[in-house]
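Student: Test case, fold it:
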Amino acid sequence: QVQLVESGGGLVQAGGSLRLSCAASGNIFSMNAMGWYRQAPGKQRELVALITSGGSTDYADSVKGRFTLSRGNAKNTVYLQMNSVKPEDTAVYYCNARGHTGQPLNVMSFDSWGQGTQVTVSS
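Tutor: This is a model prediction of the structure:
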């Protein structure tokens, strides 16, 4: 079982910055991708940013140029740097991790979610 611990949400004024952190732990054999999704009230959960094991990143059009997803020095840790935030960035942000757990001859896939952290941007 893989656990995700998120931190860094809160209240920020429009134009400000915030950094979200996510650390995955457990019997992780390999990590395919980690990233952040968000869900605003009355809307579906959407991808914010994703980074693969090879280092490729993917961003929602709405955050390109403002948000940066990076890996931490600690294994299986990612950071989402959010700059120039807007009121429309207000949502619950969820960390996601996908990969495999177990041992080389006995692996199982996983797709884990964090509990979510609230980000509120005031105008």
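Student: Partner strands of the helix or strand residue 24 falls within, with direction?
Tutor: Secondary-structure assignment from DSSP states H and E places residue 24 in strand 18-26. Applying DSSP bridges to the sheet, strand 18-26 is found paired with strand 2-7 (antiparallel), strand 77-82 (antiparallel).
Student: just checking, what packs against the following helix or strand past the first one?
Tutor: Going back to what we said before, that points to strand 2-7. Proceeding N to C from strand 2-7, the next assigned helix or strand is strand 10-13, under DSSP H and E. Counting contacts by 3 or more CB pairs under 8 Å, 6 or more residues apart in numbering; DSSP states H and E, strand 10-13 packs against strand 117-122. For the C-beta atoms, the positions are set from N, CA and C on the backbone; glycine is no exception.
Student: Show me how far the strand it packs on is from its chain's centre.
Tutor: Remark: strand 117-122 is offset 15 Å from the chain centroid, using CA atoms, centre = their mean, to the nearest Å.
Student: for that strand, which positions count as buried?
Tutor: For strand 117-122, a neighbour-count test (16 or more other CB atoms under 10 Å) marks 117, 119, 121 as buried.
Student: Equivalent analysis for stretch 88-103, please.
Tutor: By neighbour count on 16+ other CB under 10 Å, the buried set for stretch 88-103 is 89-101.
Student: Strands - which of these land there?
Tutor: Residues of the buried residues of stretch 88-103 located in strands (DSSP state E): 91, 92, 93, 94, 95, 96, 97, 98, 99, 100, 101.
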